[in-house]
Each structure stands twice: as C-alpha cells, then as structure tokens.
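A.B. asks: Please find the sequence and the predicted model below.
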Amino acid sequence: MRILGIDPGSVTAGAALIEKQGRDYVCLHLESLKLSQQGSFHQRLGEVFSRISGLIETYQPHEFAIEQIFMFRSPDSSLKLAQARGAAIAAAVVKGLPVAEYMPAEVKKAVVGTGRADKVQVQHMVKRLLNLEQDPPADGADAAAVALCHAYRRSSLIVAQGEGLPPAKAELLRQLAQSRHRSRSGQDAWTELAMRRARQPKGDKA
C-alpha cells in the first residue's frame, strides 16, 4: 500500500510518498515543492496540478491524503491556499485515486500525540517513524505526517472491521477497537504503538 501525502501551499507545498513494507512504513519520496514565482497565480495553480500529477505517474500511489486548510487572517491568503489545494485534489481525482482529508490538529495528534505540536516536533517524529537519516524539510515532514495519519486511520478501520478474519475473531477485534480507541494519555492507540516501535532498535522490532 502506497500513500501520497500532500501539505498544500500556493508558494511551497510538501509531498511525501510512503509505503507499508511488512509492519513498517518506509519513505519512498519526500520533498518541498517550491513553485515558480514567475507568471500569474493561475499558472502556479497549473504547476501544482502538473507536479502532483507527475508524482502520481512516477510512484503509482494507491491512495491520496491531503491536509485541510485553516483560515488565515487574510481572506486572500486563505483563498489562494484553497485554490492550490483544489488543484492538488483535482490531480488525484483525475488519476482515479481515493482522496482523504485531515485537519492539521488531527494529523499532529496522529503522529506526535498532541494536536498542538509544533513543526519541529512533527519533523522529529516523522524522522523517527520513517527511519530517516536526518530531519526532513518542514513542508515535506508535514506531507509525510498527513500520509502517516491516513495510514494509521486506515489500519484502525481495518482492525475495527475485522477484514479477512473469521467472524468470531473479527467481532473480538471490533470490541477491542471500541474499548481501546484512546489510550490513557489521550493518544491514538495506533500512534502510541508506532511511537513505541520507532524507539526500538530495528533488530528488536517484532
């Protein structure tokens, strides 16, 4: 399962492609997409569409996840970000990818454990969860966090539904998912598991 995560932007956007390999998620591609400042804003929207389309063609993701926007004090800034986000979503839809959307606080909580995490904390956790050699750029880290958030939510849904399991075991897992939906600290249970495994040496993961 490959997931393309996008942190939308009208000047700089983030893109990250993650894939599940065994029990781990690995990063296949991560970058900050610095958009051209030449030409009109409409041309920049075309660039967003073109570059996201290119990533989809190159890496063939199965699903697409993007961060929802929050309102800026400036209506003009909010409008431009919304348009850039729409161009990215359009690229995914044209390629036939299912689209998932997540609020910034939801993404932060899924990856860091708190919806109030700052960018440095997100970068640090993305580095650990994906076993990167160094902290990724902020926009790329945000995109990877969106992809991880979607991966964790997707895994939670599969467990809750008991897909591919005998009926009795599927029902047991559904009950377990309901009773342990949140850990005592308020973290998402799947995030807590991922964080615990990220702290283990590679050879000790089971």
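C.D. replies: Good, I have the coordinates.
A.B. asks: how about the strands in the chain?
C.D. replies: Along the chain, counting by DSSP state E, strands occupy 2-7, 12-21, 24-34, 63-67, 99-102.
A.B. asks: out of those, which comes closest to residue 147?
C.D. replies: strand 2-7 (2.9 Å; C-beta to C-beta). C-beta coordinates here come from the backbone N, C-alpha and C atoms, glycine included.
A.B. asks: re earlier: can you tell me which of the strands of the chain is most buried?
C.D. replies: Sort the strands of the chain by mean neighbour count, taking mean count of other C-beta atoms under 10 Å, and strand 2-7 sits at the top with a mean of 26.
A.B. asks: how big is the angle separating that one from strand 63-67?
C.D. replies: Going by axes from the mean of the first three to the mean of the last three C-alpha atoms, to 10 degrees, strand 2-7 is angled at 20 degrees with respect to strand 63-67.
A.B. asks: and strand 2-7, how far out from the chain's middle?
C.D. replies: On the basis of C-alpha atoms, centre = their mean, to the nearest Å, strand 2-7 sits 5 Å off its chain's mean C-alpha point.
A.B. asks: Mind listing residues that contact that strand?
C.D. replies: Strand 2-7 has contacts (C-beta atoms under 8 Å, 6 or more residues apart in numbering) with 13-19, 28, 52, 55-56, 59-67, 88, 92, 97, 139-140, 142-151.
A.B. asks: Rounded mean pLDDT for it, please.
C.D. replies: The pLDDT scores in strand 2-7 average 98.
A.B. asks: Give me the angle between it and strand 24-34.
C.D. replies: 40 degrees.
A.B. asks: Strand 2-7 pairs with which strands, parallel or anti?
C.D. replies: Strand 2-7 sits in its sheet next to strand 12-21 (antiparallel), strand 63-67 (parallel), going by DSSP bridges.
A.B. asks: Pipe the ones you listed into TSV and attach mean pLDDT per row.
C.D. replies: Output for the strands paired with strand 2-7, formatted as TSV (pLDDT from 0 to 100):
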stretch	mean pLDDT
strand 12-21	97
strand 63-67	98
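A.B. asks: Make TSV out of those and add distance to residue 1.
C.D. replies: As requested, those are exported to TSV (distance: least, C-beta to C-beta, whole Å):
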stretch	distance to residue 1
strand 12-21	5
strand 63-67	7
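A.B. asks: Any idea which of these gets closest to residue 74?
C.D. replies: Across those, closest to residue 74 is strand 12-21 (C-beta to C-beta), at 17.1 Å.
A.B. asks: Name the single longest helix found in this structure.
C.D. replies: Scanning the chain for the longest helix, with DSSP state H as the assignment, gives helix 138-161.
A.B. asks: For that one, buried residues please.
C.D. replies: 138-156, 159-160 (16 or more other C-beta atoms under 10 Å).
A.B. asks: before we move on, back to that, nearest to residue 42, of the strands of the chain?
C.D. replies: That would be strand 12-21 among those, by C-beta to C-beta, at 16.3 Å.
A.B. asks: I'd like to check which residues are in contact with residue 95.
C.D. replies: 53, 56-57.
A.B. asks: Restricted to helices, list the residues you listed.
C.D. replies: Going by DSSP H, the helices hold 53, 56-57 from the contacts of residue 95.
A.B. asks: No further queries at this time; thank you.
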